[in-house]
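This is the structure alone, sequence omitted:
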């Protein structure tokens, strides 16, 4: 008996249009777009400003909020002076998007040792960008578990590496920087 392998196309997988991390004034901290919906840099900035303005008056601090905006679903949460957003098409599942957002916010909190604020985020921008890359690749959701995301970002692939949970913050940062340097040199 042969096994039947299905070819799951992009259409059958939940996809994300962008992941945005903005500051309390709506300015970029870290953003990644996976769609051609916004062709120009100006269009991306205009979308970020609009979504920031639309969500500013909401209370998305204790738990994530969901809104429909310009034909997109936007799931978002605010932590201190940072605003986290995940955007997808209006046909995507809100629960899946909420799990992407939760994976993003909680992995960032783990990597920043719960010091989730703009200053710390900017000092550790490499870790945040790696976090985004571990969560979504080309719009396809890869991982939503914050421990797995933070662990992949903070540990290197060398056997015998100290587990993330047992590393000091300086070890974790050094490991992540080595990982980033290696990934840039590939």
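Thanks, I have the structure now. Note that the structure is a prediction, hence the values are computed from the model and not measured.

only C-alpha atoms for contact and neighbour calcs from this point on.
OK.

any idea how far stretch 66-76 is from the chain center?
Relative to its chain's centre, stretch 66-76 lies at 16 Å (C-alpha atoms, centre = their mean, to the nearest Å).

residues in contact with that stretch?
51, 60, 64-65, 83-90, 92, 94, 97-98, 101 (C-alpha atoms under 8 Å, 6 or more residues apart in numbering).

And for stretch 140-151?
10, 13-16, 99-100, 102-104, 106-108, 110-111, 131, 134-136, 163-164.

With stretch 84-103 instead?
Residues contacting stretch 84-103 (C-alpha under 8 Å, 6+ apart): 14-22, 64, 66, 68, 71-78, 105, 135, 141, 143-146, 149.

And the helices in the chain?
Applying DSSP state H to the chain gives helices spanning 41-55, 94-111, 118-123, 125-135, 146-154, 169-185.

And the average pLDDT for the shortest one is what?
Put plainly, it is helix 118-123. Mean per-residue pLDDT for helix 118-123: 93.

Over to stretch 95-103?
For stretch 95-103, mean pLDDT rounds to 96.

Please state the offset of it from the chain centre?
Per C-alpha atoms, centre = their mean, the centroid offset for stretch 95-103 relative to its chain is 10 Å.

List the buried residues of it.
For stretch 95-103, burial by neighbour count (16 or more other C-alpha atoms under 10 Å) applies to 97, 98, 99, 100, 101, 102, 103.

ditto for stretch 44-55
44, 48, 49, 51, 52, 55.

Spatially nearest residue to the most centrally placed residue in the chain (excluding sequence neighbours)?
Centroid check for the chain by C-alpha atoms, centre = their mean gives residue 132 as the closest residue, at 3.8 Å. Leaving aside its chain neighbours, residue 132 sits nearest to residue 104 (7.0 Å; criterion: C-alpha to C-alpha, 6 or more residues apart in numbering).

Could I get the contacting residues of that neighbour?
Applying C-alpha under 8 Å, 6+ apart, the residues near residue 104 are 131, 132, 135, 144, 146.
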